[in-house]
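J.: starting from these lines, generate the structure:
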Amino acid sequence: MGLRIEDYAVIGDTQTAALVGTNGSIDWLCVPRFDSGACFAALLGTPRHGRWLLAPEKPVRKTRRRYRGDSLVLETELHTDDGVVRVVDCMPVRTRWPDLVRVVEGVEGKVRMRMELVIRFDYGSIVPWVRKGRPNALLAIGGPDALELLSPLPTRGEGMTTVASFDVAAGERVPFLLTWHPSHEDPPAPTDPVRALLDTERTWQRWSDRCTYRGPWREAVVRSLLTLKALTYEPTGGIVAAVTTSLPEQLGGVRNWDYRYCWVRDATLCLYALLQGGYSEEAQAWRDWLLRSVAGSPADLRTLYGVRGERRLTELELPWLPGYEGSRPVRVGNDAVNQLQLDVYGELMDALYTAHRVGLRNDENAWRVQCKLMEWLEHNWSQPDEGIWEVRGPRRQFTHSKVMCWVALDRAVKMVEQFGLRGPAERWRAVRDRIHADVCQRGWNEARGSFTQYYGSDALDASLLLIPQVGFLPASDLRVVKTVDAIQRELMDDGFVLRYRTHASSGVDGLPPGEGAFLPCSFWLADALAMLGRQDEAGALFERLLALRNDVGLLSEEYDPRVGRLVGNFPQAFSHIALVDTASNLARLPSAPGEHRGDGRGRAGSG
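T.: Residues are numbered from 1 along each chain as shown. Down below sits the predicted model:
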């Protein structure tokens, strides 16, 4: 078995990202954009993937790693019988094309090291032509892509792999620089690797020093905010869900999706997370990305977009790749882009309402777009849809989707009432109230004693935990209390929350059963418990969630209690967004989502 998902750390330059393993191997790199197929590492853990290994030739007895301060400069110390070496990795702040900097430092004794560089483009399908370039350089070209390796060491080829062996004694440094550029252009002027390390560390530390969060769990919050920044495509402000594709939700399973895109669903909570840290510029950029991306026909609002607002994200399977630990199929692109998911209208309107409320720059044209969206939603909220979990089965009348339709109209009304914007508030208010009554009548199952996943069902769904947080009903409402209790009784796996019971709902999502506990849902439960006044329970759950982070503070999408491992794409923005928001909620900060979102938790007893 190869490395576990939690054995990786992320480095990035806010346009690209790479994953570095505990063994000194970089096993994933996307260039020049998060959604590009130009990778030298096709997929974690697969036989045909590329990689860049810097490791001792003798067995490693112990590994220790950390980020330097509050930065994305990673140090990995490898201990052998002959001594200790440190591999320092970073992606310098972007000039034009992305660089990977690696510096091997001798710490104790003298260690014999080996470098192996396997370059594969287009998800392992292209073996490049490798030749000598300028002095101390090796050039690999395949189709539109080129990589240049700069190193003071002589290299040689062994079985389609570039290798080198060298000794590093205490106090010595051996630098490496790998740069991507279009194959039709000359390689760019090289970066000084040692200087780049220092500059990159200072840049990230200055960004972290701006963080205004002063509540408990500051270390976890700052690392999560750094991760969100690493997942940002700086030119547009878009934030991708993860930097990977097809890391499975269950080892060996088929729930393997491409998450290198930006989900509208993350909008509101992402805004709150950035604002908790005082990063108003990043929040503004995210808001502006949303507005540009959704511009167009209201009926054409997508669930997700590319980092530049792209809408054609055709899903393909790559049959030549066996997948992480045999998890097939490997997918690129995401067909969820073509689904109807009504909840995104609520998330979009809530995000724009929140942005306006906290004083982010307003755009009159944006309000025109929102009015058009509400006009469409007024006539279409009652449609069945694929819902928050993007099911591949038939459309349903999902309760959460209807709640979020209510949120959309509620925020539209509030923007007229609170900000003096012009719009048909009375008409929107009437539709909002009709949706509220519909959910309370058809989404509530009296025999079950809880709200349910979709109208007429008796299945539970973790998205129902958001009912009090978005303001649909107050946390004190007995229906909310009973729903939270039901989820705690029936939707938990070893203390963590499942999205829903896949084994009992094959007709819902159209996929074989089996996945881990969805980490954002567990954070939502902590939020709900805190809103119910059960602070001790909420705090205990939050601490268990923090304990799932890997040694450098990162979380994936899910956790599988049966095998005690992180699963799903990594690092996951939604998990880190939820961590920041729950920390703020438990600390009872005035601007936390639980205190701030929805203006007073809805209408007690309505419906």
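J.: now do the longest helix seen in the chain: distance to the chain's middle.
T.: Ranked by residue count under DSSP state H, the longest helix found in the chain is helix 399-419. The chain centre lies 26 Å from the centre of helix 399-419; the measure is Cα atoms, centre = their mean, to the nearest Å.
J.: list of residues touching whichever helix or strand comes after it?
T.: Sequence-wise, the next helix or strand downstream of helix 399-419 (DSSP states H and E) is helix 425-438. Identification of contacts with helix 425-438 by Cβ atoms under 8 Å, 6 or more residues apart in numbering yields 374, 378, 381-382, 402, 405-406, 409-410, 412-413, 416-417, 472, 603, 606-607. No exception for glycine: its C-beta is placed from N, CA and C like everyone else's.
J.: now do helix 425-438, average pLDDT.
T.: Across helix 425-438, the average pLDDT comes to 98.
J.: flag every buried residue along that helix.
T.: By 16 or more other Cβ atoms under 10 Å, the buried positions in helix 425-438 come out as 425, 428-429, 431-433, 435-436, 438.
J.: can you check stretch 473-489 too?
T.: 473-475, 477, 479-480, 483-484, 486-488.
J.: thinking again about what came up before, tell me the angle the longest helix of the chain makes with helix 425-438.
T.: 150 degrees (axes from the mean of the first three to the mean of the last three Cα atoms, to 10 degrees).
J.: buried set for helix 399-419?
T.: Neighbour counts over helix 399-419 (16+ other Cβ under 10 Å) mark 399-416 as buried.
J.: could you point out which element follows the worst-scoring helix or strand of the chain on mean pLDDT?
T.: Ranked by mean pLDDT, DSSP states H and E, the weakest helix or strand in the chain is strand 38-41, scoring a mean of 45. Downstream of strand 38-41, the next assigned helix or strand under DSSP H and E is strand 51-56.
J.: what's that following strand in contact with?
T.: Under the contact criterion Cβ under 8 Å, 6+ apart, strand 51-56 has outside partners 23-27, 40-41, 78, 80, 82, 85, 87, 100, 102, 104, 111-118, 176, 178.
J.: what's the offset of the strand ranked longest in the chain from the middle of its chain?
T.: Counting residues, the longest strand in the chain under DSSP state E turns out to be strand 99-118. Distance, stretch centre to chain centre, for strand 99-118: 30 Å (Cα atoms, centre = their mean).
J.: list the contacts for Val163?
T.: Val163 touches 114-117, 155-157, counting by Cβ under 8 Å, 6+ apart.
J.: now it: how far from Leu498?
T.: Relative to Leu498, Val163 is positioned 45 Å away (Cβ to Cβ, to the nearest Å).
J.: same question, Pro154
T.: 54 Å.
J.: of those two, which one has the most company?
T.: Neighbour count, other Cβ atoms under 10 Å: between Pro154 and Leu498, Leu498 has more, with 21 against 9.
J.: give me the domain ranges for this protein.
T.: Domains of the chain are assigned by automatic domain parsing as 5-205, 210-596.
J.: centre of the chain to the shortest one, how far?
T.: Spelled out, that is domain 5-205. For domain 5-205, the distance to the chain centre is 23 Å (Cα atoms, centre = their mean).
J.: low-confidence ranges, this protein, go.
T.: For the chain, applying pLDDT under 70 flags the ranges 1, 31-49, 503-507, 598-607.
J.: in it, which spans are helices?
T.: 193-209, 218-230, 267-276, 280-294, 343-357, 364-380, 399-419, 425-438, 478-490, 506-509, 519-531, 535-546, 573-586, 593-596.
J.: in the first one, what counts as buried?
T.: Along helix 193-209, these residues count as buried under the neighbour rule (16+ other Cβ under 10 Å): 193, 196-197, 199-201, 203-204, 207-208.
J.: run through the neighbouring helices and strands of that helix.
T.: Applying 3 or more Cβ pairs under 8 Å, 6 or more residues apart in numbering; DSSP states H and E, one finds that helix 193-209 contacts strand 83-90, strand 99-118, strand 173-182, helix 218-230.
J.: setting aside sequence neighbours, what's the nearest residue to Ser71?
T.: Counting by Cβ to Cβ, 6 or more residues apart in numbering, Trp204 is the residue found nearest to Ser71 once chain neighbours are left out, at 3.5 Å.
J.: any chance of TSV for the helices of the chain, columns distance to Asp458?
T.: Compiled in TSV, these are given as follows (distance: least, Cβ to Cβ, whole Å):
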stretch	distance to Asp458
helix 193-209	47
helix 218-230	36
helix 267-276	29
helix 280-294	35
helix 343-357	21
helix 364-380	27
helix 399-419	12
helix 425-438	18
helix 478-490	10
helix 506-509	12
helix 519-531	19
helix 535-546	25
helix 573-586	27
helix 593-596	29
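J.: indicate which one of those is closest to Gly456.
T.: Judged by Cβ to Cβ, the one of these that comes nearest to Gly456 is helix 399-419, at 10.3 Å.
J.: how about that closest one as PDB, C-alpha atoms only?
T.: The C-alpha coordinates for helix 399-419 follow below in PDB (Å, rounded to 0.1, in the frame of the first residue of the first chain):
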ATOM      1  CA  THR A 399     -36.400  19.300   2.000                       C
ATOM      2  CA  HIS A 400     -33.100  21.100   2.200                       C
ATOM      3  CA  SER A 401     -33.500  22.500  -1.300                       C
ATOM      4  CA  LYS A 402     -36.900  23.900  -0.400                       C
ATOM      5  CA  VAL A 403     -35.500  25.500   2.800                       C
ATOM      6  CA  MET A 404     -32.800  27.200   0.700                       C
ATOM      7  CA  CYS A 405     -35.400  28.400  -1.700                       C
ATOM      8  CA  TRP A 406     -37.000  30.100   1.300                       C
ATOM      9  CA  VAL A 407     -33.600  31.500   2.200                       C
ATOM     10  CA  ALA A 408     -33.200  33.000  -1.300                       C
ATOM     11  CA  LEU A 409     -36.600  34.900  -1.100                       C
ATOM     12  CA  ASP A 410     -36.000  35.800   2.600                       C
ATOM     13  CA  ARG A 411     -32.700  37.500   1.800                       C
ATOM     14  CA  ALA A 412     -34.200  39.200  -1.200                       C
ATOM     15  CA  VAL A 413     -36.900  40.700   1.000                       C
ATOM     16  CA  LYS A 414     -34.300  41.700   3.600                       C
ATOM     17  CA  MET A 415     -32.200  43.500   1.000                       C
ATOM     18  CA  VAL A 416     -35.100  45.600   0.100                       C
ATOM     19  CA  GLU A 417     -36.100  46.200   3.700                       C
ATOM     20  CA  GLN A 418     -32.700  46.800   5.200                       C
ATOM     21  CA  PHE A 419     -30.700  48.400   2.300                       C
END
